[in-house]
Every structure is written in structure tokens, then in C-alpha cells.
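> Predicted model follows, preceded by the sequence.
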Amino acid sequence: MRSARRWIGSRSMRVGAVAALLAGTAGLSAADAATPSEGTVSDTSRSTSWSGGPFVAPNVTGNALDQPLCSLPTDCDDFTLHVDTPAGYGGTHALTVAVSWADTAADFDVYVLDKAGNVVGSAASSADPEQVILPPDSGDYTVRVVPFAPLGESYDATATLAELPPNPAPGTDTPPTFATYAAPGSLPDADNAGEPSIGTSFATGSTFFQSSLSTYKVTFDDSTSPATASWSDVSANAGNGCPQGSTVSLDPILFTDHQTGRTFESQLSGANSLTCFTDDDGKTWSPSTGGGIPSGVDHQTIGGGAFSADGLGALPTSTYPDAVYYCSQDIATAFCAVSRDGGTTFGAGVPTYSLLDCGGLHGHVKVAPDGTAYLPNKGCGAEQAAVVSTDNGSTWTVSPVPGATPGDSDPSVGVGSNGTVYFGYVGADGKPGVAVSRDRGKTWTDRQRVGTTAGIENAVFPTMVAGDDDRASFVYLGTPTGGNYQDNANFHGVWHLYVDTTYDGGKTWVTSDATPNDPVQVGSICTGGTTCGDDRNLLDFIDVTLDDHGRVEVAFADGCIDACVTDPAHAGRDAYATIARQTAGRTLLAAYDPQVTNVALSSLSLTRSGGRLTATSVLTNTGTTALRDVSLQVLDGRKEVGLVTVAGIPAGASRTVGVDWKAGAGPHTVTSVADPRNVVVESDEADNKLQKSIGR
């Protein structure tokens with residue numbers, strides 16, 4: 001279930017952009033009513049279709065808080081949908097309402113109302129088709145199609161009961177655990193942290209947090225458990241070298257290049273940004289031109305990494321080794337510009353997609369170790385997508401993620417050390433999902449829903465980070481409460497910060513509740529842009545990074561503090577600067593996994609030949625460290641018949657050892673013991689012994 005999520009400024013500008021086309025359709029007739037006017041779906045008849053139009057006059061009255069006005073017959077088109085399903089049908093099926101039209105420059109919105117007139121689902125993005133995915137509960141519904149920018153188009157619609165695809169079983173790894181660190185209240189903007197950004201310098205170990213106009217440096221002392229955090233304000237300003245820093249902003253963003261340690265803080269100023277960068281953890285800052293020309297007016301993002309060997313501009317023009325990307329959207333298109341001098345200046349803005357390809361808003365740009373750049377988008381036709389450049393930003397290609405239906409929150413990508421791409425999103429059903437690409441976005445595999453063990457029914461603000469190629473973490477705000485999460489008056493779900501982690505390249509994921517005793521929000525969360533009420537306190541996204549040991553660090557705005565934590569009746573609407581940091585469990589870098597030493601006796605077999613017995617034992621190193629020397633003892637009854645030293649067993653390897661001896665007639669009970677003198681300090685001493693018997 002989704003509700004409207006479109007930046008309202010983009011709505012009005014898009015209507016203006018198509019005004020000339022609308023003038024050309026003035027001679028068309030008024031829209032017809034939906035044809036037919038009603039239909040039924042059931043477990044035996046799973047689909048129904050209808051159409052409407054053509055439409056001439058736009059209806060832009062709908063927003064995140066209110067349904068559109070439908071005072072004229074041509075303002076809205078209503079279809080009555082009857083749903084008849086047996087009990088429990090929703091466990092394996094979903095109801096999908098899809099509305100499409102021929103001209104991708106046009107735009108229709110969709111609202112689904114229950115019998116009482118309450119909005120239970122909506123789709124008001126720039127996607128074509130618009131899709132609403134709901135539980136297939138029996139009842140009578142109104143599907144309302146609204147011509148937001150119709151351009152004389154008609155629409156075609158279907159309602160379908162579809163079987164849910166099977167989901168892989170959750171992983172069996174132990175989920176990591178987290179501790180939270182709130183900024184000191186004395187810091188400026190500590191209580192104004194909507195849309196925070198986070199970055200870490202592997203060179204110094206420092207973490208940087210952007211909270212509105214303020215840039216914080218955070219250092220963690222891991223000599224204690226959990227670690228202690230020290231926060232300081234290192235914001236850019238005229239006094240430390242960058243006069244445009246921390247002055248005014250429409251949107252804040254921060255990016256730290258892990259390898260070089262350079263940190264950028266950017267404040268949107270309209271058609272460009274006021275940007276500064278630092279190489280000494282915020283002691284001094286340098287000015288940047290901000291972005292390329294042309295640049296967009298909204299939703300800027302900065303990222304960086306290695307230059308691609310493909311295409312033009314594969315070499316820097318200064319001593320700074322990496323490329324820096326500045327991307328932003330300008331309603332009808334989006335632009336990315338590349339800096340080859342470390343972000344001091346930027347080249348021309350290059351169009352990445354237009355409204356004919358994707359909706360306006362995009363997520364944060366990420367750069368792979370091979371220089372491939374990824375810009376995720378939540379609505380490119382019927383799917384979400386990664387927009388990909390393999391030639392240093394000269395050209396861009398839209399790579400849809402099959403099955404990832406458009407949602408309200410911007411998706412996110414994380415790129416592993418060998419280029420594996422992890423795509424995290426929230427679909428039209430409100431559920432968090434992931435997909436993986438191992439060929440730079442050409443194909444996607446292992447798409448699955450996550451958060452199932454926590455019963456997540458609604459999620460917002462997905463963000464992704466990867467470390468080693470087979471390890472990644474997907475972070476979002478989630479709640480097990482279903483329904484319209486943007487219903488400020490009636491939604492009472494409790495939201496926590498969740499982290500799903502994979503250690504096997506996205507085949508399976510395990511879920512952690514990073515804030516088990518402290519909700520991030522109680523009640524609704526609005527993702528509808530500037531028309532929201534007080535439940536847009538968290539704004540539009542959160543952010544995640546990893547430190548030099550692979551620990552996951554999440555920047556989020558905590559909307560539930562003080563009395564709200566212990567008494568949900570005091571649900572607040574705060575936005576407090578907070579970091580969730582991994583405290584235990586395997587990190588995203590295997591080099592820092594906890595070292596485990598263990599030898600197991602994995603099998604024992606006995607054979608008799610003439611008057612001799614042979615015991616064949618298999619020793620396996622089940623730990624993470626190599627074993628130098630391991631003793632193996634074989635007992636016939638209580639008598640030792642063999643003591644062998646096995647040299648050099650690498651982690652994960654096995655060695656087979658045979659011991660034979662002269663044995664008399666009759667049955668024998670043979671015991672094989674690994675490390676009988678307990679020389680090796682092991683994580684598990686219970687797997688060192690096996691016993692078998694053999695008859696006459």
C-alpha cells in the first residue's frame with residue numbers, strides 16, 4: 001500500500017512544461033466515464049479490465065494530505081471494483097491495480113478507496129504504468145484515476161489477483177547488533193537532522209555526519225564495549241576557508257571518499273549548490289564551484305571513486321586521483337557532471353534520463369571500484385532502475401530491475417569490492433526488497449523481499465552499503481503495522497531502524513532491529529513532499545556507510561525521543577541527529593571477522609582385514625585460522641593403539657588419517673579423539689570425539 005509521493009514543486013513545473021501540448025488538444029471531447037463502470041476479481045476469476053478517456057484538462061488538486069477534488073465529471077474517473085477471496089488468500093496472493101497510457105509524457109494518478117471512502121492505496125509518481133499493490137481482502141473498492149497531466153490521453157487499467165513469488169528462506173548467519181549514539185544537544189542542528197548524510201575516512205577513522213547546515217566529526221573509542229563516541233562541530237565557514245559553507249540550504253548532502261579521506265558538504269541553492277571540501281577532517285575547507293552547468297534545481301547528490309578505463313576523461317587533471325560526481329534533477333530531466341580535479345570544478349552537466357524514461361527524483365550516486373557510476377531511480381516505466389555510466393559520465397543507460405515495482409522512497413545501491421551491485425528498494429506494496437547484479441546492471445538476480453522475519457509490512461527510506469563483494473547491508477525504517485502509513489490521523493504503527501545483511505552475495509539475508517528499545521517514529525511518516533503535515537519531520541531519506549573495519553554506521557533522524565520512547569501516547573515529531581553503529585557480529589569486511597580456532601573429528605570408519613583393524617578418521621578445521629599441529633589418538637577399548645601428529649590444516653580444510661593395528665577376534669569398540677591433550681584452545685570442545693564398534 002502506498003500513498004502519494006511527488007515533490008509538489010515538480011508537479012506545477014511539469015504542468016507548465018506540457019502547457020503547449022495541452023493547447024493542441026483543446027478540440028478533443030470531454031472524458032468518458034470508466035468503461036465498464038465496475039468489475040469483479042475472485043480466486044476463480046483473477047483479472048478485470050477497464051478504460052477511460054480521452055482527458056484534456058489536468059487535475060493537480062491531489063496531494064499527500066488530501067484526495068483530489070472531483071467536482072467536474074472530467075476531474076476524476078471512478079471504477080467500482082468488487083473483490084471476493086477466501087480467508088487466508090492474502091498469504092499467497094496480492095491485488096495489483098495498474099493504469100497505463102500511450103504517451104509517456106502524460107501522467108495519471110491512481111487512488112484506491114474502501115467502501116467508507118478511506119484511501120487504502122495510491123500511486124502518484126511519474127511512473128507509467130502507475131501501480132497500487134494491496135492485500136486481496138474481500139470488499140467493494142473505488143479505483144479513482146486522476147488526469148494529473150493527461151495531454152489528451154486515454155488510459156487502460158487492470159485489477160489482477162496474482163500469486164506472490166516464492167521468497168528464499170532467510171539466512172542462518174547470526175545477525176549483527178547495534179548501539180545508537182545521539183549527538184550532544186549543545187551542537188547546532190542536533191535537533192534538526194532530517195535527511196542526514198554520513199561518511200567515513202579510512203585514512204583517519206573519522207566519521208562525518210551532515211545535519212542541515214552543520215557538519216559533525218565523530219570519533220569512536222573501541223577500547224570499551226560498546227564504543228564511546230566524541231562529537232564536534234567542524235562545519236565549513238569563512239573562518240576556516242570556505243565562505244559559502246553552512247550559510248543557506250534547500251537540501252544538505254555530504255560525501256566522504258573512503259580511500260582519499262576527502263569530505264564534501266553541499267547545500268542546494270537553486271540551480272546549483274554551495275559546496276566545500278576538506279582533506280583534514282574539517283580543520284580547513286576549500287570552496288568548490290558546486291556542480292556542473294546545467295544543473296538541476298532539486299535533490300542533489302555527490303559521490304566519487306576511481307575513474308573508468310572506458311570512454312573519455314579517464315585521467316584526472318590534478319593530483320587528486322578519483323572522479324567526483326555531482327547529480328541533480330531538473331523536473332523534465334536529470335544531470336550528472338564529473339569533476340576531474342577533485343571537486344574543485346565540474347564539467348558540463350550530462351543528461352542521464354528524461355521524463356520519457358524515468359520519474360524526476362533519484363537516489364544517491366555511487367561509484368564502483370572499476371569506475372562504473374550508478375544513479376538509482378524509483379520509477380522508470382513499470383519498474384525501478386539503476387541508471388548506469390561506464391565511461392566517466394559521458395553517457396548513461398537505464399537498467400530496469402525486473403519485478404521492482406515503483407515506490408515512494410528513492411532506492412539505493414551499494415557496490416562490493418569486485419563490482420557486485422546490490423539494489424535496495426521499497427516497492428509498490430510497501431515492502432523492502434533487494435536485487436543483485438554481477439554484470440554492471442545488465443541483468444539482475446536474487447530479487448527477494450527482506451525483513452520477513454521481523455514481519456515488516458511498511459518501509460521507507462531504503463539505503464544500501466557493500467564491503468567485500470559478497471557482503472552488503474540494506475537499511476530502512478520499518479514497521480510490522482500494515483495499512484496506509486501516511487494517514488496522520490489513523491495510522492499508529494511503531495517504526496524501528498532495521499538492517500538486513502548478506503554474507504553470501506545476496507542469496508540470503510538476516511535481519512537486525514538496530515533500535516529494539518527505542519522507536520524511530522510512532523504514527524505516520526509522510527513521504528509526500530512539501531504538502532505533508534508534521535509527520536514529514538524525518539524528510540526524505542537516511543544514509544549508511546561502513547568504517548575501515550567494515551562496521552556498518554547509519555545516519556538517521558530520530559523522531560521519537562524523551563517521553564515518546566517509554567509512552568507511545570506521547571508520540572513526538574522530532575528529528576534528532578543519531579548514529580546506529582555495529583557493535584558485534586561479522587562486519588562487511590571478512591579480514592576483520594572474529595578469529596575462531598576449532599578442529600572437529602568429522603567422520604570415523606572401521607575396516608577389518610585378516611587379523612588387523614583400520615580406523616580411518618577425518619579431521620576438519622572448522623575455524624577461521626590455520627592449525628599448525630593437531631594430535632589424533634585412537635583407542636581400542638581403553639588401549640591406545642595409535643597417536644598421530646597431523647601438520648598444517650588450513651581453515652576449512654580436512655585431513656584423512658588411517659591407523660591400523662593387530663586386533664584379536666571378537667567385537668571391538670574404537671574411539672578416535674582429536675587433540676586428546678587439549679593443546680589447541682578451541683571454540684567447541686564437544687566435536688573432538690567419535691566412537692564406533694565392529695563385530696567379529
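Done, it's in. These figures come from a predicted structure and were not determined experimentally.
> how far away is Lys507 from Arg447?
Distance from Lys507 to Arg447, counting by CB to CB, to the nearest Å: 12 Å. Every residue, glycine included, has its C-beta placed from N, CA and C.
> Neighbour count: these two, which is higher?
Higher neighbour count among Lys507 and Arg447: Arg447, with 20 against 15, using other CB atoms under 10 Å.
> how about the nearest residue to Asp357, chain neighbours excluded?
The spatial neighbour of Asp357 that comes closest, neighbours along the chain excluded (CB to CB, 6 or more residues apart in numbering), is Val398 at 5.3 Å.
> Surely that neighbour is within a strand?
Yes - looking at Val398 with DSSP: H, G, I helix; E, B strand; the rest coil, it is inside a strand.
> In contact with it, which residues?
By CB atoms under 8 Å, 6 or more residues apart in numbering, the contact list for Val398 reads Tyr353, Asp357, Cys358, Asn377, Cys380, Ala385, Val387, Val388.
> If we only consider the residues you listed, which is nearest to Phe202?
For these, the residue nearest Phe202 by CB to CB is Val388; the value is 25.7 Å.
> surely that closest one meets Asn377?
No - between Val388 and Asn377 there is no contact under CB atoms under 8 Å: 11.0 Å.
> ok, the two, which is more surrounded?
The neighbour comparison of Val388 against Asn377 (other CB under 10 Å) goes to Asn377, with 30 against 23.
> The more buried one reaches Val387, doesn't it?
Yes - in this structure, Asn377 is within contact of Val387 by CB under 8 Å, at 6.0 Å.
> Please enumerate the helices of the stretch 251-400 of the chain.
Counting by DSSP state H, counting those that start in this stretch, no segments of the stretch 251-400 of the chain form helices.
> where do the strands sit along it?
Secondary structure of the stretch 251-400 of the chain (DSSP state E, counting those that start in this stretch): strands at 252-256, 263-268, 273-278, 286-288, 298-305, 323-329, 333-339, 350-354, 366-367, 373-380, 383-389, 397-400.
> Pipe the ones you listed into CSV and attach mean pLDDT per row.
Shown next, in CSV, are the strands of the stretch 251-400 of the chain (pLDDT from 0 to 100):
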stretch, mean pLDDT
strand 252-256, 97
strand 263-268, 96
strand 273-278, 96
strand 286-288, 97
strand 298-305, 93
strand 323-329, 95
strand 333-339, 93
strand 350-354, 92
strand 366-367, 98
strand 373-380, 95
strand 383-389, 97
strand 397-400, 97
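> just so I know, which of those lies nearest Ala563?
Ala563 lies closest to strand 252-256 among the strands of the stretch 251-400 of the chain, at 28.3 Å (CB to CB).
> hey, what's in contact with both of Asn377 and Val387?
Common neighbours of Asn377 and Val387 (CB under 8 Å, 6+ apart) are Tyr353, Cys358, His362, Val398.
> How many neighbouring residues does the closest residue to Gly171 other than its chain neighbours have?
Among residues not flanking Gly171 along the chain, Thr508 sits closest, at 3.5 Å (CB to CB, 6+ apart). By the criterion of other CB under 10 Å, Thr508 has 19 neighbours.
> Could you measure from Thr508 over to Thr622?
To Thr622, Thr508 is 20 Å away according to CB to CB.
> Likewise for Gln267?
To Thr622, Gln267 is 53 Å away according to CB to CB.
> Between the two, which has more neighbouring residues?
A direct count of neighbours by other CB under 10 Å for Gln267 and Thr622 places Gln267 higher, at 24 against 17.
> any low-confidence regions in the chain?
1-32, 63-66, 571 (pLDDT under 70).
> at 50 instead, please
Scanning the chain with the threshold set as pLDDT under 50 gives 1-31.
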